[in-house]
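Novice: 3D model of this:
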Amino acid sequence: MPAQPEIGMFRPVVVPGGRGARMTVRLQFPRTLVDDRTYDLAHTAQGVERVRAMGCNWALLVASWGFPPEIEDVDRRVFQRAVQLYQAAGIRVCGGVQVATCVAQGSYQERGWYALDPWGHRIPYDRDRFWTCWHDPEWSAEVERAIRDVIEAGADGVWFAGPWGLHTVCPDARCQPADGGKTGEPGDSPPGDTRPEMGQGEMIAQRVGAWAAYAREQRPDLLIAAQLDSSDSALDGEVWSQVQVAAPDLILLDGELPRLGSGWQMAQPVTVVGQKAPAARGIGAPTPRGENSDAPARRWLVGMAEACALGSVPVISAAGLRHAHTWTLLLAEVFEGQRQAIGHLNTWLEKQGGWLAGRQAFGPLAVLWPGRDSTRETALARESFEAACRTLIEHGLPLRVVGPEGDWAGVQTLIAPPGGGAGLDDRLRAWAAQGGRLIALQQARPGGDAAPVWAEFPTARRTRRRWSPFRRARYRLHLTTRRLYYTHDAARFLLRRLGWRPHSRAGTRQAIPSVDLQRELVEAVGCDFGPRAEADGPVLLTMWRGPHGGEQWHLVNYADAPQRVTLHAPQFVSGWVIAPEEREAVKVFGNELMVTVDVYKVLRLQEKHEAGAENPGLKH
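Specialist: Reported below is the predicted structural model:
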């Protein structure tokens, strides 16, 4: 196991294969076609070779899908043989354990560990799959049994799949002592209570920490990973920091590829706040529905480049793909071109890993991630935060994200969305007193010299969500609709015709600021701010300081084709331009640098004392 998972050194792929994967897909999508051959291929020598061709050195296989032991007994033996095959090919294996849901079949049918809604009903996740209650000791013991199975199979790590969006608080005696008598419904909190709903943060930290400690007792050198869903509202600053207390070696974030045009998305902010546990961002199917076999490999490459530019380890997901109306994996023959492109970029990252790893965020302009208080109140702060990040990308300004308690070293101009609490106000006041320039969004801030910008940012449509009875009624309606969807075919047909999907998440679409709002923020930052990237389409620019000194400017092109980018530097600079498609580094110097960016390009600047240094070399 690496001392710390680093970009280039740790190149994982999630391969949910085998019979358990096929059964899970059929539970989630009844009456759908499934490519059984490719799912089973994931645990064979041919599947291992295709994973190796993608340049991956870690495979995240699923050892337990939450089926009862009598059903998973065959899968357990297949997983053990798969571990041996991958390890023989030089690929280390991390075994996944489903910790938040299970399938109510066989010996699991009448177990009492299921989470309950306010009416005492089990909460469905898929058909026959229900959320479990983490306060139940029998379920915790069952997860420990699955962890032992992973270790006995010889795997090199364990990853806890699915500890997000948990219905951990039930209206019965199991959960009352841990939560002070809450019923588990959103909005069932005293006024001003901004804690994560249903005790999610505390519960995730407690249980993940306990399971991680148990796994390390069995084998101290295991890689421990925890999977979170970055689009879930529960993944705020507080939950993130509490999960770190659980001490996983890696936090896996489910992420979506950037979508070009008005709907594209960027990485979630928590991946770049600079936390204790490194973040790995999932790079999966370009679209959740439709045919993916004709999706260009470029979409995967943009997602990998974005993760690297934001300081996250890119994790390839082989799942969630369709071809000929059939669910399949990235290992299918039709995705040969995509696998080759991924393999080329992974090989390049491996050879450049010495300077890509160990970077520190560096840049004079930053956007403040306000944390949990604002997101739990109205989601206004998160929308304005995302809108500010998008504005910076649209106008080629460098993107850096800092947290309320993170490292602000080198930040000269700070964009602060609303929210954050009194402690943040005190820090802003002290930071501004030391010469920092504060740009407040929507509301005045201590230390801000000018009036806040974005006073006209749309907020009216969000105010109704603050009304507790409305949130409670909305929660009840959501649970009822989910139950009807999974228990009645007629209701399922009608809901699908109406466009409702059980796994659709509100709030994942990024706020798109108007042209006037973008102009207002850019003018507040300064039209002559440098460095900045000028191009016809959006370009992500991030700034880092390398482990041995020297600046790195990372560029990611979101356009469908290569585009010409002009870098406006604040002063004369010199350095080397490096890209995966170029065999040699190119020396550049000047105040304005013109480069062509295909997908990903890095400018490594020289320190003044290195003015006469030779080409750092480009490893191939």
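
Novice: Can you show me the helices along the stretch 351-500 of the chain?
Specialist: With DSSP state H, counting those that start in this stretch as the criterion, the stretch 351-500 of the chain has helices at 372-377, 380-394, 421-433, 468-487, 489-497.

Novice: Redo the ones you listed as JSON lines? Include distance to residue 136, mean neighbour count and mean pLDDT.
Specialist: For the C-beta atoms, the positions are set from N, CA and C on the backbone; glycine is no exception. Converted to JSON lines, the helices of the stretch 351-500 of the chain look like this (distance: least, CB to CB, whole Å; neighbours: other CB atoms under 10 Å; pLDDT from 0 to 100):
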{"stretch": "helix 372-377", "distance to residue 136": "26", "mean neighbour count": "22", "mean pLDDT": "45"}
{"stretch": "helix 380-394", "distance to residue 136": "32", "mean neighbour count": "23", "mean pLDDT": "84"}
{"stretch": "helix 421-433", "distance to residue 136": "34", "mean neighbour count": "15", "mean pLDDT": "84"}
{"stretch": "helix 468-487", "distance to residue 136": "19", "mean neighbour count": "15", "mean pLDDT": "76"}
{"stretch": "helix 489-497", "distance to residue 136": "29", "mean neighbour count": "12", "mean pLDDT": "82"}
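
Novice: okay, the ones you listed in a markdown table with distance to residue 215 next?
Specialist: Shown next, in a markdown table, are the helices of the stretch 351-500 of the chain (distance: least, CB to CB, whole Å):
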| stretch | distance to residue 215 |
| --- | --- |
| helix 372-377 | 28 |
| helix 380-394 | 33 |
| helix 421-433 | 35 |
| helix 468-487 | 32 |
| helix 489-497 | 38 |
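
Novice: closest to residue 326 out of those helices?
Specialist: Proximity to residue 326 (CB to CB) singles out helix 489-497 among those, at 18.5 Å.

Novice: Which elements pack onto that closest one?
Specialist: Helices and strands touching helix 489-497, as assessed by 3 or more CB pairs under 8 Å, 6 or more residues apart in numbering; DSSP states H and E, comprise helix 468-487.

Novice: quick one, which of the helices of the stretch 351-500 of the chain is nearest to residue 406?
Specialist: helix 421-433 (10.4 Å).

Novice: centre of the chain versus the closest one, how much separation?
Specialist: Averaging C-alpha coordinates over helix 421-433 and over its chain gives two centres that are 29 Å apart (CA atoms, centre = their mean, to the nearest Å).

Novice: can you check stretch 355-370 too?
Specialist: Centre-to-centre, stretch 355-370 and its host chain are 17 Å apart (CA atoms, centre = their mean).

Novice: Only C-alpha atoms, please: export it in PDB.
Specialist: These are the backbone C-alpha positions of stretch 355-370, laid out as PDB (Å, rounded to 0.1, in the frame of the first residue of the first chain):
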ATOM      1  CA  TRP A 355       6.000  16.400  -9.400                       C
ATOM      2  CA  LEU A 356       2.200  16.000  -9.500                       C
ATOM      3  CA  ALA A 357       2.200  14.500  -6.000                       C
ATOM      4  CA  GLY A 358       2.800  16.500  -2.900                       C
ATOM      5  CA  ARG A 359       1.600  19.900  -4.300                       C
ATOM      6  CA  GLN A 360       0.300  22.700  -2.200                       C
ATOM      7  CA  ALA A 361      -2.500  25.000  -3.300                       C
ATOM      8  CA  PHE A 362      -1.100  28.400  -4.300                       C
ATOM      9  CA  GLY A 363      -2.800  31.400  -5.700                       C
ATOM     10  CA  PRO A 364      -3.700  35.000  -4.900                       C
ATOM     11  CA  LEU A 365      -7.400  34.500  -5.700                       C
ATOM     12  CA  ALA A 366      -9.700  32.100  -3.700                       C
ATOM     13  CA  VAL A 367     -13.400  31.300  -3.200                       C
ATOM     14  CA  LEU A 368     -14.500  30.500   0.300                       C
ATOM     15  CA  TRP A 369     -16.400  27.400   0.900                       C
ATOM     16  CA  PRO A 370     -18.700  28.500   3.700                       C
END
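
Novice: Per-residue pLDDT of the closest residue to residue 575 other than its chain neighbours, please?
Specialist: Of all residues beyond its chain neighbours, the one nearest residue 575 is residue 605 (3.9 Å), with distances taken as CB to CB, 6 or more residues apart in numbering. What the model reports as pLDDT for residue 605 is 91.

Novice: Run a quick neighbour tally on residue 605.
Specialist: Residue 605 has 20 neighbours, counted by other CB atoms under 10 Å.

Novice: That one reaches residue 549, doesn't it?
Specialist: No. Contact between residue 605 and residue 549 fails when scored by CB atoms under 8 Å: they sit 10.1 Å apart.

Novice: moving C-terminal of the helix or strand where residue 308 lies, what's the next helix or strand?
Specialist: Taking DSSP states H and E as the criterion, residue 308 maps to helix 297-309. Following the chain from helix 297-309 toward its C-terminal end, the next helix or strand by DSSP H and E is strand 313-317.

Novice: Between helix 297-309 and that next one, find me the angle.
Specialist: If you take axes from the mean of the first three to the mean of the last three CA atoms, to 10 degrees, strand 313-317 sits at 150 degrees to helix 297-309.

Novice: Tell me who's in contact with the residue nearest to residue 575.
Specialist: 550, 551, 552, 553, 573, 574, 575 (CB atoms under 8 Å, 6 or more residues apart in numbering).

Novice: Equivalent analysis for residue 17, please.
Specialist: Applying CB under 8 Å, 6+ apart to residue 17 gives the contacts 38, 39, 40, 41, 42, 43, 47, 61, 62, 82, 329, 331.

Novice: and what of residue 47?
Specialist: Remark: with contacts taken as CB under 8 Å, 6+ apart, residue 47 is in contact with 15, 17, 41, 331.

Novice: Kindly recompute the last result at 7 Å.
Specialist: Contacts of residue 47 were listed using CB atoms under 7 Å, 6 or more residues apart in numbering, and they are 17, 41, 331.

Novice: Off-centre distance for the helix or strand hosting it?
Specialist: Using DSSP H and E, residue 47 falls within helix 45-53. For helix 45-53, the distance between its averaged C-alpha position and the chain's averaged C-alpha position is 26 Å (CA atoms, centre = their mean).

Novice: Over to stretch 36-48?
Specialist: In terms of CA atoms, centre = their mean, the gap separating the centre of stretch 36-48 from the centre of its chain is 26 Å.

Novice: do the same with stretch 22-29
Specialist: 23 Å.

Novice: now swap in stretch 98-112 and tell me
Specialist: Once both centres are worked out by CA atoms, centre = their mean, stretch 98-112 turns out to sit 27 Å from its chain's centre.
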